[in-house]
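[1] Show me how the following folds:
(chains A and B)
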Amino acid sequence: MNPFHYELSHLETLEAESIHIFREVAAEFERPVLLFSGGKDSIILLRLAEKAFRPGKFPFPIMHVDTGHNFPEVIEFRDRLVAEVGERLIVANVQDSIDKGRVVEETGPRASRNRLQTTTLLDAIEEHGFDAAFGGARRDEERARAKERMFSFRDDFGQWDPKRQRPELWSLFNARIRKGEHVRVFPISNWTELDVWQYIATEGLEVPSIYFSHPRQVFKRDGMLYAHNDFIQLIDGEAPFEESVRYRTVGDMTCTGAVRSRANTLEEVVAEIAATRITERGETRADDRVTEAAMEDRKREGYF
Amino acid sequence: MTATSANGSALRRRTSELLRIATAGSVDDGKSTLIGRLLHDSKSILEDQLEHVQQTSERRGDGYLNLALLTDGLRAEREQGITIDVAYRYFQTPRRKFIIADTPGHEQYTRNMVTGASTADLSIVLVDARKGVSEQTRRHAFISSLLRIPHVVVCVNKMDLVGYDEDVFYTILEEMTDWAARLQIPDMTFIPISALNGDNVVERSDAMQWYGAAPLLYHLEHVVIAPDRNLNDVRFPVQWVIRPMSDEHHDYRGYAGQVAGGVLRPGSEVVVLPGGQRTTVAAIDSYSGELESAFPTMSVALRLSDEIDISRGDMIVEAEDQPVTARELEAMVCWMSDQPLQARGKYTIKHTTRSARAIVEEVEHRVDINTLDHVPASQLGLNEIGRVRLRCSAPLVVDAYARNRATGSFILIDESTNDTVAAGMVISAQ
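    Down below sits the predicted model:
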């Protein structure tokens, strides 16, 4: 038998590992949920779930934590994609958490609902009794995530404790938890940003239009280009102008920056990513710029 | 503009393989510097990451670009200048994509090292050229052997500090080769490097003309890994049964899982264990359609010719060369808990997709990692490795770990804390 006839490409290997994780979670947890943001990573999660369970239905619902400050293009895309895959969508609204007094809206020109999402997410997990939540986080994104397990154990406060992580050996995942605890599961932990785009291209996946170059009214703040929108107040001296931009990450409009780009096709996006000299979060995410350990601190609180 | 890429052909041609690397090392031996150097010289470090390292190096007063800071992610690590956990790093060249599982090398981190090694194709073991083969070097080599990592690269680092002396390199090579003769390492390669200066990391070193072989990155790109998998013995642990029961797929029954060994084809004669029923593979399904074959590590769904009662935890294997269905296991274990492993201890055992309860019948011995001697022991403490005999509440379908890393490995879970307390490798079963 010639072993070279039976080789997988790196994307095929990553895909097989991710499908394995989806099936393990479905088999070993009682109430999983797939967290979906409409961004490229969660679009990949949806496709991997289809690969894991078709022709059957997903053995879990899909949930979006909606800050109310998302790009309208992304919300429209979310609804269309979920309808296409024919699965159940739960929307947990940050606005509801604000109305119920669970969280207090930040004020001022730098106000963002990014951090408030954590409460909405944890409340929804508790309300629905979810014991496992799939997320699209990748280890190449950020220093703290580089050390997080694929099965990331959360205590009954939703907290991540980096010092109390369970060793993950071979592909044998320990799925045992107590009541009230849950696990965040990251099936694409080992994928990089480039892998994600290559996979989108090979699978022919549709992504929201804001990932491609488009003209937009933007303004400059802290070295990033923000979309001029109703949710951010301009500070003196900030003036919107039109620019050809695209987004590398899709988050809340209040904390996600755009990049100048003329990339109009997947091939051009892949070429741009392959040549980029800046990380996606470094270039486009204000939420990681607060302190050196901003992500670690948010994860400890129960963030995605 | 939306993306439905009919035109992804240029991308589809990228079929580079994935190489999983385990590294281990302490603060002093330059491991983080080596990884930083690999990432930096292969242009996998981006400007904002580099800027972060520059700023932090200056603030800490390191006096040089401290590439170790690239890999130390958690607050406590940066504050204390230590690595406390397994960190995963990614880089790629046109030939391959690499995943590095980077672990600290101290004795108390043996469990992290075992974790990183469990999935690795290759391990990088570092030796400080000034100090020669140390206890840590031996520990890394032993764990690489125990976990059956097929390829080990011994990087003799800090060659710049010994005047790039050929004799120093060969003395270490001989000492290490002699010692490792007692291990199971099928491929061991030695490379003299200076991670700090970049000698023989990505580029060949001008200072060591006497070294005729390739630098580290070239070796990582070209080491042959395809034959490392077991393609002879069909092993397919059933993970999940796909039964849509919809109008369209009313009678569909697909057994989903990841191929752990062998090559399956439609028409393959198979046996379902532990039940022992014989049948044939009717079709191999994937999302994009039926496949002509399935091999490690593909995730697929099998349809079988006969209606047999099969559920998660069963294993579909070939009729010849079956694994052993057994309740008694002889195994090596690495203990990962503060509470020692003792005879009569009861745990949950997870093996492939099957779980059972296991009782420790006997701790047979502990391995002294330095001398490789078997030391009499009645228990195993945190980070100790030894041989045990287990009895399980239900039969498991196992291979020796030496034959198949997927069907010969297991974990033990403490039923009161739910912690993963041991990594186990089957020696034999009955």
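
[2] my guess is residue A:52 meets residue A:17, correct?
    No: the criterion here is C-beta atoms under 8 Å, and residue A:52 misses it with residue A:17 at 11.5 Å. Where you see a C-beta, it was placed from the backbone N, CA and C, and this is true even at glycine.

[3] Name the residues of stretch B:295-305 that come out as buried.
    B:295-304 (16 or more other C-beta atoms under 10 Å in any protein chain shown).

[4] How about exporting that stretch as CSV, limited to the C-alpha atoms?
    C-alpha atoms of stretch B:295-305 as CSV (Å, rounded to 0.1, in the frame of the first residue of the first chain):
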residue,chain,number,x,y,z
PHE,B,295,-8.4,6.6,5.6
PRO,B,296,-6.8,8.2,8.7
THR,B,297,-7.8,10.8,9.9
MET,B,298,-10.9,11.4,7.8
SER,B,299,-14.3,12.0,9.4
VAL,B,300,-16.9,10.2,7.4
ALA,B,301,-20.1,8.2,7.8
LEU,B,302,-20.4,4.5,6.9
ARG,B,303,-23.4,2.7,5.6
LEU,B,304,-23.4,-1.0,6.1
SER,B,305,-25.0,-3.8,4.0
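
[5] now it, how far from the centre of its chain.
    Chain-centre distance of stretch B:295-305: 23 Å, with C-alpha atoms, centre = their mean, to the nearest Å.

[6] so, in contact with chain A or not, that stretch?
    Yes: contact of stretch B:295-305 with chain A (C-beta under 8 Å from any C-beta of the partner chain) involves B:295-299.

[7] would TSV of these with pLDDT be doable?
    Formatted as TSV, the residues of stretch B:295-305 next to chain A follow (pLDDT from 0 to 100):
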residue	pLDDT
B:295	96
B:296	95
B:297	95
B:298	97
B:299	98
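
[8] Could I get the residues you listed in CSV, plus columns for secondary structure?
    Shown next, in CSV, are those (DSSP: H, G, I helix; E, B strand; the rest coil):
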residue, secondary structure
B:295, coil
B:296, coil
B:297, coil
B:298, coil
B:299, strand
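
[9] Just give me the closest of those residues to residue B:407.
    residue B:296 (10.8 Å; C-beta to C-beta).

[10] List the contacts of the closest one.
    By C-beta atoms under 8 Å, 6 or more residues apart in numbering or on different chains, residue B:296 lies in contact with A:6, B:229-231, B:259-262, B:406.

[11] Tell me the one among the buried residues of stretch B:295-305 nearest to residue A:200.
    Nearest to residue A:200 among the buried residues of stretch B:295-305 is residue B:299, at 19.3 Å by C-beta to C-beta.

[12] Local confidence estimate at the nearest residue to the closest one once chain neighbours are set aside?
    Of all residues not flanking residue B:299 in the chain, residue A:19 sits nearest, at 3.8 Å (C-beta to C-beta, 6 or more residues apart in numbering or on different chains). Looking at residue A:19, its pLDDT is 98.

[13] ok, residue A:19 to residue B:176 distance?
    40 Å (C-beta to C-beta, to the nearest Å).

[14] Comparing these two, which shows the higher neighbour count?
    The residue with more neighbours, out of residue A:19 and residue B:176, is residue A:19; 27 against 22, by other C-beta atoms under 10 Å in any protein chain shown.

[15] Validate this expectation: the more buried one resides in a helix.
    Yes: residue state for residue A:19 (three-state DSSP) corresponds to a helix.

[16] Surely it and residue B:301 touch.
    No: judged on C-beta under 8 Å, residue A:19 makes no contact with residue B:301 at a distance of 10.0 Å.

[17] Next, the contact list for residue 165, please.
    Chain wasn't specified; assuming chain A. Per C-beta under 8 Å, 6+ apart, neighbours of residue A:165: A:147-149, A:152-153, B:85.

[18] wait, I meant chain B there
    Counting by C-beta under 8 Å, 6+ apart, residue B:165 makes contact with residue B:159.

[19] likewise residue B:314?
    With contact set as C-beta under 8 Å, 6+ apart, residue B:314 has these partners: B:237-238, B:272-275, B:354, B:397.

[20] Now do it, the pLDDT please.
    At residue B:314, the model reports a pLDDT of 97.

[21] and what of residue B:6?
    For residue B:6, the model assigns a pLDDT of 35.

[22] tally of neighbours for residue A:69?
    21.

[23] And residue A:52 and residue A:17? Which one has more around it.
    Comparing residue A:52 with residue A:17 by other C-beta under 10 Å, the one with more neighbours is residue A:52, at 27 against 22.

[24] ok, so what distance separates the more buried one from residue A:18?
    Distance from residue A:52 to residue A:18, by C-beta to C-beta: 8 Å.

[25] can you list residues touching both of residue A:52 and residue A:17?
    Here residue A:52 and residue A:17 share the contacting residues residue B:299, scored by C-beta under 8 Å, 6+ apart.

[26] Looks to me like residue B:233 is in a strand.
    No: counting by three-state DSSP, residue B:233 falls outside a strand, being coil.

[27] Now do the same for residue B:140: helix, strand or coil?
    Assigned state for residue B:140: helix (three-state reduction, three-state DSSP).

[28] what ranges do the strands span in the stretch 51-200 of chain A?
    For the stretch 51-200 of chain A, the strands defined by DSSP state E, counting those that start in this stretch cover A:62-66, A:89-93, A:132-134, A:151-154, A:182-185.

[29] Out of those, the one nearest residue A:222 is which?
    Once these are compared by C-beta to C-beta, strand A:62-66 is nearest, at 24.8 Å.

[30] ok so, going back, tell me which two in the contacts of residue B:314 are the farthest apart.
    For those, the maximum inter-member distance is 14.0 Å, found between B:237 and B:275 (C-beta to C-beta).

[31] out of those two, which sits in the busier spot?
    Neighbour count, other C-beta under 10 Å: between residue B:237 and residue B:275, residue B:237 has more, with 24 against 13.

[32] The more buried one and residue B:257 touch, don't they?
    Yes: contact criterion C-beta under 8 Å: residue B:237 and residue B:257 qualify, at 5.4 Å.

[33] Could you name every residue contacting both of the two?
    Joint contacts of residue B:237 and residue B:257 (C-beta under 8 Å, 6+ apart) are residue B:353.

[34] what's near enough to touch residue 273?
    In the absence of a named chain, this looks at chain A. A:193-194, A:197, A:248.

[35] Chain B is the one I meant
    By C-beta under 8 Å, 6+ apart, the contact set of residue B:273 is B:314-317, B:322-323, B:325, B:397.

[36] separation between it and residue B:300?
    According to C-beta to C-beta, residue B:273 stands 19 Å off from residue B:300.

[37] quick one, phi/psi of residue A:130?
    phi -70, psi 140 (degrees, to the nearest 10).

[38] Excluding chain neighbours, give the residue nearest to it in space.
    Residue A:130's closest residue in space is residue A:33 (C-beta to C-beta, 6+ apart), at 4.5 Å.

[39] Can you identify each of the helices in chain A by residue range?
    For chain A, the helices defined by DSSP state H occupy A:10-28, A:40-53, A:72-85, A:94-99, A:117-128, A:193-203, A:266-275, A:280-284, A:294-301.

[40] I'd like the ones you listed laid out as a markdown table, including distance to residue B:149.
    Compiled in a markdown table, the helices of chain A are given as follows (distance: least, C-beta to C-beta, whole Å):
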| stretch | distance to residue B:149 |
| --- | --- |
| helix A:10-28 | 17 |
| helix A:40-53 | 28 |
| helix A:72-85 | 40 |
| helix A:94-99 | 47 |
| helix A:117-128 | 38 |
| helix A:193-203 | 24 |
| helix A:266-275 | 30 |
| helix A:280-284 | 32 |
| helix A:294-301 | 30 |
